[in-house]
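> sequence first, then the predicted structure:
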Amino acid sequence: GGESQAALEASVGALRQKVERLEAAVADKAAAAARSEEIAAEARRERDAAQAALRTAQGSAGERMKIADKKEKKFAEREAQANRELETMRQAMAACKEEMERFREEKEEQFRTDKQIIKQLQNESRQRTIELESQVLEAQTHASSLAK
């Protein structure tokens, strides 16, 4: 009765809180992925600036090549790092989404089970009510036959 309803409502409240926490975690992962994208974009801008500086640089071809090599290497390292971070964030988001889906499926199954139990209890209660009403009717019939 009221107890199972209260337990269901408490269970639903706990589920809502867990879903909210998981959604917040997904949002955090998305923000971190966006930061990684910004780092990669900044690295690309630095590379472009380095290439432009290289083209206008004064001095020997050998000196220009050394500068270009250093900046290209720095860019490649930063881009690789940003890409690694981005991949880590993507994997974390995918894992988080999988966990949310598993959790949702478990709770849906639990909800179906709870609904079946409630239906069964309602049926048993109706059956018992019918039995009691029948007994009351028999007692009344018996009492009226004794009264005659």
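In hand now; what should we look at? Treat the numbers as computed from the prediction; the structure is a model and nothing was measured. Residues are numbered from 1 along each chain as shown.
> what residues of stretch 30-44 count as buried?
Along stretch 30-44, these residues count as buried under the neighbour rule (16 or more other C-beta atoms under 10 Å): 32-33, 36, 39-40, 43. All C-beta spots, glycine's among them, are computed from the backbone N, C-alpha and C.
> using a markdown table, lay out the residues you listed together with distance to residue 55.
Conversion of those to a markdown table gives the following (distance: C-beta to C-beta, whole Å):
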| residue | distance to residue 55 |
| --- | --- |
| 32 | 35 |
| 33 | 34 |
| 36 | 29 |
| 39 | 25 |
| 40 | 23 |
| 43 | 19 |
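> which ones among the residues you listed map onto strands?
Counting by DSSP state E, none of the members of those fall within strands.
> can you lay out those as a markdown table showing pLDDT and distance to residue 65?
As requested, these are arranged in a markdown table below (pLDDT from 0 to 100; distance: C-beta to C-beta, whole Å):
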| residue | pLDDT | distance to residue 65 |
| --- | --- | --- |
| 32 | 90 | 37 |
| 33 | 90 | 36 |
| 36 | 89 | 31 |
| 39 | 90 | 27 |
| 40 | 90 | 25 |
| 43 | 92 | 21 |
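> just flag the most distant two among those residues.
When the buried residues of stretch 30-44 are compared pair by pair using C-beta to C-beta, the farthest-apart members prove to be 32 and 43, with a separation of 16.8 Å.
> before we move on, back to that, just the buried residues of stretch 30-44: which are in helices?
32-33, 36, 39-40, 43 (DSSP state H).
> so which of those is the closest to residue 69?
When these are compared for distance to residue 69 (C-beta to C-beta), residue 43 comes out closest, at 16.2 Å.
> other SSEs contacting the strand or helix carrying residue 126?
Element membership for residue 126 (DSSP states H and E) is helix 61-147. Judged by 3 or more C-beta pairs under 8 Å, 6 or more residues apart in numbering; DSSP states H and E, the packing partners of helix 61-147 are helix 2-56.
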